[in-house]
Structure formats: structure tokens, C-alpha cells
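Asks: next comes the sequence, and after it the predicted model I'd like to discuss.
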Amino acid sequence: MRSFAATLFSFCLFAGAAAQTPIVGANAMPKPEDIRAVSPALEGYAQKFVIDDLWKRPGLSRRDRGIVTVAALIARDQTVELPHYLALALDNGVKPSEISEIITHLAFYTGWANAMDAIPAAREVFKSRNIGADQLPPDSGPQLPLDEAAEKQRATRVGEQFGQITPSLVQYTTDALFRDLWLRPALAPRDRSLVTVSALIATGQVAQITYHLNRAMDNGLTKEEAGEVLGHLAFYAGWPNAFSAAPVVKDVIEKRRQ
């Protein structure tokens, strides 16, 4: 595991966050003066386009931008900035229980190791805010209702495609993901979909976007919000990943209009 750090006045690609107790460590986010010493242009772009514009755009709430950013950082295993953005997400209305559930969800969609790498950062942020077990979701309990017809259709389609090749993948997809993880109530279906789509875009997994973006929009994500997710992630996951996903997002939106 790595050491994690967030500084009081860190270079942040964010706008207007409340100052937090710094988490001291070897991999601290660089301060503005550190950025200027290496790349004045980088700090200038951050101020002009991200701090003064991106996080203020109306197409996606600051709460949603926090969710998208945290999902992208965990998906890409970029933990240096994670403590700061976890704190920012909490400041913008994301609940500790939702942060916990985002990390759990991304273990399945970006790999166990990435979720584990996020644990120390989240633990320090929770500790600094006196967030205890009483504010976190239990490991099991009552679940959201399952759409039996839709799940049967999904399971049948996946089983027919891959059951003979990888029965374990088919079984775990049904038992662990769609009959368990997706039914956990601590993260609303719309937000769970937002996390999934953000992680897929951030890691260039375009083949999976069609299904999950349709699911996200069925769960309440609007086409305007989907478009803003792409613009937001261009800064946090890079232009190539955003533009690789753009034709898929466009295709989903256009087909849903028909």
C-alpha cells in the first residue's frame, strides 16, 4: 500500500472546497508553488478551465462531479489526489455510506486491488471527520427490489453467450453483481450507474458503456448529465478516453430518442 497525503492548499483541479486537515505522507499532492516551479502553464490551465469553469458548469451538480471524480481516480488507481477529492465529495453532499459503497462497487468494476488501494485514503478522511461504523452501510441486510423479468432476460442472454466458455463468470455476474451488489440500498441505482459509467469511461472500457449507460438512463441519468460526464472526465481521465467514449454515448442517446 502507498502512503497518502492531501495538503491544506493543494493544487486540486477543483473549485471552492473547504480546507481540510492535511494527511501527511510521502505522496502529497503538490502545492500551487510546487506546480509553478515545474509547469506554470499547468497551474494556469487548472485555474482557468477547471477551477473557474468546469466545476461551476450547471449540467452536472457538484455532488455528481464529486462522485464522477472519485470513481475515476479509484478506477485509474490514482490515489495521491484521492483524499482531497473524497473530502470534497463529502463537502458537496455525498454521504460517508455512499463513499463506502462506491469503493465496494468499484472492486467489481475496476478490480479488487484498486478498491483496496482506496481504503487507506478513505480511512484517513473518515478518521479526520470522526466518521465511524454507525455511518457506514452493513455488509448485508435488506435489499432493493429486483426486476425479475429484466434480470432473467439479462442472465439468459449472458448464459447463452458465455455459459459454455466461462460458467464461473456467468454465475458470479448473476449471484454477486445483479442479485446482490446492484441491490444494495446504500447507493441509489442512479448513482451506482453513474459510478459504473464513469469508471468505464475513465479506463477506456468502451465495449461495456452501451449497456451501462442505458441502465443509467433507465435509472434517471439525463442525456445532458451524460454529456457533462464526458466533458468532466476529459480533465480527469484524459481527452483520448473521453473521445473514445463519445461515439458510444452519442449512439445510446440517439437510439433512445427513436
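Replies: Sure thing, it's come through.
Asks: so Leu60, which of the three states?
Replies: Under DSSP: H, G, I helix; E, B strand; the rest coil, the three-state class of Leu60 is coil.
Asks: I'd guessed it sits against Leu233; true?
Replies: No - applying CB atoms under 8 Å, one finds Leu60 not in contact with Leu233, separated by 10.7 Å. C-beta here means a position set from N, CA and C on the backbone, and glycine is covered the same way.
Asks: so what sits against both of those two?
Replies: By CB atoms under 8 Å, 6 or more residues apart in numbering, Leu60 and Leu233 have these common neighbours: Val68.
Asks: ranges for the helices of the chain?
Replies: Taking DSSP state H, the helices of the chain run over residues 32-38, 40-45, 62-75, 82-91, 96-110, 112-128, 148-162, 167-172, 189-202, 209-218, 223-237, 239-257.
Asks: quick one: contacts for the spatially most central residue of the chain?
Replies: With distances taken as CA atoms, centre = their mean, Ala71 lies nearest the centre of the chain, 1.7 Å away. The contact partners of Ala71, by CB under 8 Å, 6+ apart, come to Ile102, Leu106, Leu194, Val195, Ser198, Ala199, Ala202.
Asks: how about a cut-off of 10 Å?
Replies: Residues near Ala71 by CB atoms under 10 Å, 6 or more residues apart in numbering: 85, 89, 102-103, 105-106, 109-110, 191, 194-202, 229, 233, 236.
Asks: Arg190 is in contact with Asp218, isn't it?
Replies: Yes - taking contacts as CB atoms under 10 Å, Arg190 lies within contact range of Asp218: 9.2 Å.
Asks: neighbour-wise, which of the two wins?
Replies: Set Arg190 next to Asp218 and count neighbours by other CB atoms under 10 Å: Arg190 wins out with 17 against 14.
Asks: look up how far Glu43 lies from that one.
Replies: As judged by CB to CB, to the nearest Å, Arg190 and Glu43 stand 35 Å apart.
Asks: equivalent analysis for Arg63, please.
Replies: Distance, Arg63 to Glu43, by CB to CB: 26 Å.
Asks: the more surrounded of the two?
Replies: Glu43 (19 against 16).
Asks: for Glu224, grab the count of nearby residues.
Replies: Glu224 has 12 neighbours, counted by other CB under 10 Å.
Asks: that one touches Asp64, doesn't it?
Replies: No - Glu224 is beyond contact range of Asp64, at 11.4 Å (criterion: CB under 10 Å).
Asks: where do the contact lists of the two overlap?
Replies: By CB under 10 Å, 6+ apart, no residue touches both Glu224 and Asp64.
Asks: what's the helix or strand bottoming out on mean pLDDT in the chain packed up against?
Replies: Lowest mean confidence among the helices and strands of the chain (mean pLDDT, DSSP states H and E): helix 32-38, at a mean of 88. Other elements packing on helix 32-38 under the criterion 3 or more CB pairs under 10 Å, 6 or more residues apart in numbering; DSSP states H and E are helix 40-45.
Asks: now the helix it packs on: buried residues?
Replies: Neighbour counts over helix 40-45 (16 or more other CB atoms under 10 Å) mark Glu43 as buried.
Asks: same question, stretch 140-157
Replies: Of the residues in stretch 140-157, Arg154, Ala155 count as buried by neighbour count, 16+ other CB under 10 Å.
Asks: now that stretch, how far from the chain's geometric center?
Replies: Centroid separation for stretch 140-157 versus its chain: 23 Å, with CA atoms, centre = their mean, to the nearest Å.
Asks: gap between the two ends of that stretch?
Replies: 28 Å (CA to CA, to the nearest Å).
Asks: ok, stretch 136-148 next?
Replies: End to end - CA to CA - stretch 136-148 spans 28 Å.
Asks: show me where pLDDT drops low in the chain?
Replies: Counting by pLDDT under 70, the low-confidence segments of the chain come to 1-27.
Asks: do you know how far Ser140 is from Ala133?
Replies: For Ser140, the distance to Ala133 - CB to CB - is 14 Å.
Asks: correction: the previous question concerned Arg57.
Replies: Taking CB to CB, one finds Arg57 at 36 Å from Ala133.
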